[in-house]
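> Have a look at this prediction, sequence included:
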Amino acid sequence: MTIRLVLAGCGNMGYAMLSGWLKSGKLEPSAVFVVEPNAELRKRAEHLGCSTAADAFAIPADAVPDLVVIAVKPQVIRDVTASYKRFGDGRTTFVSIAAGTPVATFEEILGELAPIVRCMPNTPAAIGKGMMVVFSNPLVLDDVRRFVAELLSASGVVTTIEDESLMDAVTAVSGSGPAYIFHFIEALTVAAEKAGLPAETAKLLAMQTVYGAASLAAESDEEPGVLRQQVTSPKGTTAAALAVLMGEDGLTKLLTDAVEAARLRSIELGK
């Protein structure tokens with residue numbers, strides 16, 4: 001049996017990434033084996049045409065996958081990874097999307113021959129708009145790096161870091177970042193309601209404004225600061241609002257403090 005990729009865990013993130021791989025044509029369903037103990041979650045993968053099993057020991061003994069993608073909660077990462085130790089002879093590359101779990105943990109479990117890729121995705125990956133940041137140990141071959149990057153690109157933008165310690169900052173910015181944006185939408189909605197707008201109108205204005213501004217920033221050749229200045233007339237309404245947001249204890253300080261709190265917590269969890 002030829003298995004190109006084993007997906008360990010088919011929860012929300014694992015399923016979203018799997019769907020992207022198959023829809024993009026980067027993988028055929030017949031080349032994917034999904035290991036998921038939850039029967040309902042297995043059915044989702046089966047509907048996509050993939051072979052499934054409740055545990056890793058059901059993978060045929062003569063099947064050596066190119067990739068094993070670990071997409072489970074950090075709390076069970078050691079037990080789950082240990083069940084794939086038979087693939088730790090160097091022929092299979094392991095890709096982890098588990099937050100806060102360093103490459104050294106996988107090397108300890110799988111052995112010193114195992115090529116390891118650590119990836120930090122975020123939830124917009126579910127709609128192909130994610131941010132994936134990758135770090136690899138020296139055993140990962142260049143062609144495998146390219147294949148992994150190509151796979152991950154089905155879920156959004158992919159970039160690489162060479163210093164694994166920066167993953168804590170990555171987690172704090174792009175990993176946790178969607179929650180900051182969601183909260184900004186919540187806060188802008190509340191502010192709109194307090195300004196007198198009906199609840200549904202307030203929500204629509206807040207949501208579409210954030211979406212439109214982010215899309216414009218992503219597609220424009222101008223820096224965000226220049227785009228901000230283009231919206232801001234001297235002594236106008238935007239200038240009045242920005243005087244609050246850009247004050248000494250304004251948005252930049254709040255976000256800097258928030259990112260640092262998340263980074264420090266990521267370091268703690270990694271221990």
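Good, I have the coordinates.
> which residue sits closest to V190 in space, ignoring its chain neighbours?
A202 (7.8 Å; CB to CB, 6 or more residues apart in numbering). To be clear about C-beta, it is placed using only N, CA and C from the backbone, and glycine gets the same treatment.
> Need phi/psi at the one you found.
phi -60, psi -40 (degrees, to the nearest 10).
> Pull the residues that contact stretch 33-42.
With contact meaning CB atoms under 8 Å, 6 or more residues apart in numbering, stretch 33-42 is reached by 3, 5-11, 14-15, 18, 45, 50-56, 58-59, 63, 65.
> One more: stretch 52-60?
With CB under 8 Å, 6+ apart, stretch 52-60 has contacts from 1, 3, 6, 8, 10, 33-37, 39, 42, 45-46, 65, 80, 83-84.
> Which of the residues you listed fall in helices?
If you go by DSSP state H, the contacts of stretch 52-60 have A39, R42, A45, E46, V80 in helices.
> Go through those and name the one nearest E164.
V80 (20.8 Å; CB to CB).
> Would you enumerate the residues in contact with the closest residue to that closest one other than its chain neighbours?
Computed as CB to CB, 6+ apart, the closest residue to V80 that is not its neighbour in sequence is V72, at 5.0 Å. With contacts defined as CB under 8 Å, 6+ apart, V72 is in contact with A8, G9, G11, G14, V80, A98.
> if I pick the residue nearest to the spatial centre of the chain, what's in contact with it?
The chain has P121 as the residue nearest its centroid, 1.3 Å off, counting by CA atoms, centre = their mean. Residues near P121 by CB under 8 Å, 6+ apart: M13, M17, I97, G130, M131, M132, L152, S155, G156, G175.
> pLDDT weak spots in the stretch 51-200 of the chain?
Within the stretch 51-200 of the chain, no stretch has pLDDT under 70.
> quick one, strands of it?
Counting by DSSP state E, counting those that start in this stretch, the stretch 51-200 of the chain has strands at residues 51-53, 67-70, 93-96, 116-120, 130-136, 156-160.
> Can you say which of those strands is packed in most?
Mean neighbour count (mean count of other CB atoms under 10 Å) peaks for strand 93-96 among the strands of the stretch 51-200 of the chain, with a mean of 26.
> For that strand, enumerate the helices and strands it packs against.
Strand 93-96 makes packing contacts with strand 67-70, helix 103-110, strand 116-120, helix 142-152 when contacts are defined by 3 or more CB pairs under 8 Å, 6 or more residues apart in numbering; DSSP states H and E.
> Among the ones you listed, which comes closest to S215?
When the helices and strands packed on strand 93-96 are ranked by proximity to S215 (CB to CB), helix 142-152 comes first, at 21.7 Å.
> What does the pLDDT read for the residue lying farthest from the centre of the chain?
Here the chain reaches farthest from its C-alpha mean at K235, the gap being 40.6 Å by CA atoms, centre = their mean. Listed pLDDT for K235 reads 94.
> still on that earlier bit, is it possible to get CSV of the helices and strands packed on strand 93-96 that adds distance to A243?
Shown next, in CSV, are the helices and strands packed on strand 93-96 (distance: least, CB to CB, whole Å):
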stretch, distance to A243
strand 67-70, 48
helix 103-110, 46
strand 116-120, 36
helix 142-152, 41
